[in-house]
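Colleague: coords please:
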Amino acid sequence: MKAHEVTVRNFIIFRKVQMLFLEVTGTSAKPLKKLRRFTNMGYQDTYRLSTEQPDLFWAEVADNLHWYKKWDKVLDDTNAPFYRWFVGGQTNLCYNAVDRHALGSKRGQAAIIWESPESGQSRTLTYYQLYKEVNRFAGVLKNLGIGKGDRVVIYLPMVLEAAIAMLACARIGAIHSVVFAGFSYDSLAERIDDAKPKAILLADAGLRGGKVVPLKGIVDKAVDAAKHKVDHCIVLNRGYAEFDMTKGRDLDWEEALANKGENFVEPEAMDSSDPSYILYTSGTTGKPKGVVRDTGGHLVSLHNSMGQIYDVNDGDVYFSTSDIGWVVGHSYIVYAPLLKGTTTIMFEGTPIHPDPSIWWQIVERYGVTHIFSAPTAFRILRKHPEHYMTTYDRSSLKYLFLAGEPLDEPTWHWAADTLGVKVIDHYWQTETGWPIISNMPGVESLPIKPGSPTKPVVGYKLKVVDPDGNEVEKGKKGFLVIEPPLPPGNLLTVWGNDERYKNSYFGFFKDKLLYMTGDYGIEDEDGYFWVLGRADEVINVAGHRLGTREVEEVISSHPAVAEGMAIGVKDELKGQAIVCLIVVKEGHKPNDDNKNAIRNLIREKIGPVATPKEIKFVKMLPKTRSGKIMRRVIKAVAEGEQLGDVSTIEDGASIEEVIKAMEGLREELA
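Modeller: Numbering: from 1, shown residues only. Prediction:
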């Protein structure tokens, strides 16, 4: 028997004896911390325990948190694929994230630091101050008749009130649905009709890149367009945009606090499987899917991830550069850092406004230890001189975590060399709520292979399979899937549509129940996984199937390229032809020399079949607000089709830029 098998076996025997003792003696089921021996295991032992004995593993993890009532069963998998964790248990997400610390030893510690270079303002809330603010706003919601199970749409920019509102909803058991502040009115109306909220929380305006983004008018149009009637709109007046108040529906935020706020609102004891929030993500049909997150599994998985994956300890300062409108903002700006009792930074702005040094000023000012960002942001920063980074003291920084899209090797090397810290690529989805694949330095730091997010984290049984769901050989490309049961924290279902949940995520393979990530992947001989991009982002050139990432990795390796992407467009001769759009770094020119060099590099690295039919230089790529390249938009422009809904676009000007770049291309591709 191998050493790691002995370790796992011994722990399992020990834990069973311990639980039997507790049952016989009637002692509390909460074990002493000194008995949690698996915390001293390395990666392989910890991972094996989590996948082979998930009940033992997750029960041990969950004991670190507060439960009004302990669970009757750790995992209920009797109604697959609707997996339920900590069945019979009752807890409250807000209590665990706020009260537990505010009424304990971390009362005076900074909970949230808000930095807004857009407004020139900053503000810090201690855990106790956050506790008071959350209670006040929970009172507002309660006194408006909002309670357990009711939905509340949050359409707020990156302001403290957004985090307070999310926590207040969790406190009273309301289900929040955060919509990115800036989505079009029709996109917002669609979400209103699907979630059917009692209230919308909004602001007069957001600030981004030095520009004012009016929001109240968008909400007014959305409410008018929606079929569902919204009872209340609570408006945070920041003083940046003029707006009208609708009598009988609209309430001023501060007046509502003064008239309806309360000093204390009892946290609602929530069943573990009760929904905590709905977050809409794009679907292949164009209609967004409302991902539903539970309560118990959500808080257990996030709390555990902060230690095991992100290696966060007392005194650390966590800076996630995302927005609360995205899953990263939910998980790693608000909930996970607060569940861990650490300090989280909430940032309103972009990485280059007022200049590209702004993040590094924040790192120096607050002694940031962990940054969680996206590869896109660092490709943007890579366009600018490195002195914007290196001028400021970064000695506190321990880790840079990047996720949201494949991290190309050149960007990994540049970030690691420039910052001088460990750069950890990791992979997850809106649906999972926390990482699927990552290095786990809180357990054991594994050797890094740039381009790979490393190995599966605890609880995830990953496979690479063929179209029939059969596992392929190591080193071969296939569909990246998860073998059920999904670990705690993953989506419960799609809001109001169980069939769509089953069909979208478990209906891909005829005779096998596997969760389809939608991505291609490779598992190498060392057990490292390589994510190759979306399975539907495949270019078929004369029968040769090429993943877009294969081409984009080569493009990014050229020293003149800040960012690049490849798509397949219709071609009468080959079926599809490859078209590349490229943003060059400052100091480099978008000329024929660079174009030819990039084309030759692709031929050399992949082969003649991958030679682009056209390379175009643009100033920016159209992206969603979460940083993903809008391939559908670019493909539609290239093929002369209608753009469709572009409500999630990062910057409308970039569409015009792409259209201009593609004008002369359409005839060539006809």
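Colleague: Let me see the domain layout of the protein.
Modeller: As recorded under automatic domain parsing, the domains making up the chain are 3-91, 453-534, 537-669.
Colleague: model confidence over the longest one, on average?
Modeller: The reference is to domain 537-669. Average pLDDT, domain 537-669: 77.
Colleague: Run the chain-centre distance for it.
Modeller: Domain 537-669 sits 25 Å away from the centroid of its parent chain (C-alpha atoms, centre = their mean, to the nearest Å).
Colleague: quick one, helices of the stretch 101-250 of the chain?
Modeller: Secondary structure of the stretch 101-250 of the chain by DSSP state H, counting those that start in this stretch: the helices cover 127-143, 160-172, 185-195, 216-225.
Colleague: Out of those, which is closest to Gly290?
Modeller: Gly290 lies closest to helix 185-195 among the helices of the stretch 101-250 of the chain, at 5.8 Å (C-beta to C-beta). Using the backbone N, CA and C atoms, a C-beta is placed for each residue, glycine as well.
Colleague: Which of the helices or strands spans Ile598?
Modeller: helix 592-605 (DSSP states H and E).
Colleague: That helix: what's the following helix or strand?
Modeller: Sequence-wise, the next helix or strand downstream of helix 592-605 (DSSP H and E) is strand 614-617.
Colleague: Lys340 contacts Gly307, doesn't it?
Modeller: Yes. With contacts counted by C-beta atoms under 8 Å, Lys340 reaches Gly307, the gap being 7.1 Å.
Colleague: can you count the residues close to Val609?
Modeller: By other C-beta atoms under 10 Å, the residues close to Val609 number 14.
Colleague: meant to ask about Val61, not that
Modeller: 22.
Colleague: Spatially, what comes nearest to it if we skip its sequence neighbours?
Modeller: Once flanking residues are discounted, Val61 sits nearest to Asn304: 4.7 Å by C-beta to C-beta, 6 or more residues apart in numbering.
Colleague: Report the contact partners of that neighbour.
Modeller: Going by C-beta atoms under 8 Å, 6 or more residues apart in numbering, Asn304 touches 61, 64, 458.
Colleague: ok, now Val61?
Modeller: Val61 sits in contact with 300, 303-304, where contact means C-beta under 8 Å, 6+ apart.
Colleague: how about the helix or strand containing Gln576: buried residues?
Modeller: Using DSSP H and E, Gln576 maps to strand 575-584. Within strand 575-584, the residues that qualify as buried are 576-584, counting by 16 or more other C-beta atoms under 10 Å.
Colleague: coming back round to it: between Lys340 and Gly307, tell me which one has more neighbours.
Modeller: Per other C-beta under 10 Å, whichever of Lys340 and Gly307 has more neighbours is Lys340, with 24 against 17.
Colleague: residues in contact with stretch 367-376?
Modeller: With C-beta under 8 Å, 6+ apart as the test, stretch 367-376 has contacts from 310-312, 315-322, 328, 332, 345, 351, 359, 362-363, 396-408, 411, 563, 623, 626-628.
Colleague: Just the endpoints, please. Distance across that stretch?
Modeller: Start to finish, the residues bounding stretch 367-376 are 24 Å apart (C-alpha to C-alpha, to the nearest Å).
Colleague: can you check stretch 165-185 too?
Modeller: Across stretch 165-185, first to last residue, C-alpha to C-alpha, it's 21 Å.
Colleague: thought Arg613 was touching Leu573?
Modeller: Residue 613: Lys, not Arg. No. The criterion here is C-beta under 8 Å, and Lys613 misses it with Leu573 at 10.0 Å.
Colleague: low pLDDT regions in this structure?
Modeller: 1-39, 282-286, 536, 542-545, 624-628, 641-670 (pLDDT under 70).
Colleague: what are the ranges of the helices in the stretch 351-500 of the chain?
Modeller: 358-366, 375-382, 387-390, 409-419, 498-506.
Colleague: List of residues touching the longest one?
Modeller: The contact list for helix 409-419 (C-beta under 8 Å, 6+ apart) reads 375, 378-379, 382, 386, 389-390, 394, 397, 400, 402, 422-423, 425, 450-451, 553, 556-557.
Colleague: Pull out the buried residues from these.
Modeller: Neighbour counting by 16+ other C-beta under 10 Å classes 375, 378-379, 382, 389, 394, 397, 400, 402, 422-423, 425, 451, 553, 556-557 among the contacts of helix 409-419 as buried.
Colleague: Where do the strands of the stretch 351-500 of the chain begin and end?
Modeller: 370-373, 399-402, 422-425, 437-438, 455-456, 461-465, 478-483, 493-494 (DSSP state E, counting those that start in this stretch).
Colleague: Now tabulate the ones you listed in CSV and tack on distance to Ser177.
Modeller: Formatted as CSV, the strands of the stretch 351-500 of the chain follow (distance: least, C-beta to C-beta, whole Å):
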stretch, distance to Ser177
strand 370-373, 23
strand 399-402, 26
strand 422-425, 30
strand 437-438, 27
strand 455-456, 30
strand 461-465, 30
strand 478-483, 25
strand 493-494, 13
